[in-house]
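[1] Sequence first, then the predicted structure, then my questions.
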Amino acid sequence: MTKVLYPGSFDPITYGHMDVISQASKLFDEVIVCIGINPDKNGGLLSLDERKNIIEKIYANNTKIKVITEPNRNRAIVDTALEHDCNILIKGLRNTTDFLSEMEIANTNNYISDEKVSTIAIFAKADHVTISSSKVKQIAMLNKKISAFVHPIVEEAILSKLRSDNNAG
């Protein structure tokens, strides 16, 4: 059985992420979606548990998709992969900027795992290359429609979160 780990912050998961998951699930026996904290970004809109619950709801009927969280921002993703018996990381690419960044990260991950973990890039379909979680959050905070970018479960969770944040503040 070939298991792969698809790491990311998924704050929120977009149709672009879902496209990568779909493609990976056709190639591998199990795709473990690993939700982590991006140390290069401040906080997040959704908590790790909220993101996990959303993704689990979306893939509730897909036995090939498993969802985990990695709350330790100081842990190498390759250690999480190996802990879950994965020697392959999946990364989604949208453009050349993603490619250059992910190539550097892939080489580093391969090195620090003593060549036990490799990275496979999956290219997002053309209609998903302009989607990013950051853009989705910005659009939602402007009270504009995000339905073209995210699953309805994600849209409802974000709108609910923003309503509760607005009522709290």
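    Perfect, I can see it now.

[2] List the buried residues in the helix or strand hosting Lys57.
    Using DSSP states H and E, Lys57 sits within helix 48-58. Using 16 or more other Cβ atoms under 10 Å as the test for burial, helix 48-58 gives 48, 50-52, 54-55, 58. C-beta: built from backbone N, CA, C; applies to glycine.

[3] Which single one of these is nearest to Ile146?
    Distance to Ile146, by Cβ to Cβ, is smallest for Ile54 among the buried residues of helix 48-58, at 13.5 Å.

[4] wait, isn't that closest one in contact with His17?
    No - judged on Cβ atoms under 8 Å, Ile54 makes no contact with His17 at a distance of 11.3 Å.

[5] if I look at Cys34, how far off is Ala148?
    Distance, Cys34 to Ala148, using Cβ to Cβ, to the nearest Å: 26 Å.

[6] Look at these two and report which has more neighbours.
    Neighbour comparison, Cys34 and Ala148: the larger count goes to Cys34, with 22 against 11 (by other Cβ atoms under 10 Å).

[7] Using JSON lines, lay out the buried residues of helix 48-58 together with pLDDT and distance to Asn167.
    Converted to JSON lines, the buried residues of helix 48-58 look like this (pLDDT from 0 to 100; distance: Cβ to Cβ, whole Å):
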{"residue": "Leu48", "pLDDT": "94", "distance to Asn167": "23"}
{"residue": "Glu50", "pLDDT": "96", "distance to Asn167": "17"}
{"residue": "Arg51", "pLDDT": "97", "distance to Asn167": "22"}
{"residue": "Lys52", "pLDDT": "98", "distance to Asn167": "24"}
{"residue": "Ile54", "pLDDT": "98", "distance to Asn167": "21"}
{"residue": "Ile55", "pLDDT": "98", "distance to Asn167": "26"}
{"residue": "Ile58", "pLDDT": "98", "distance to Asn167": "26"}
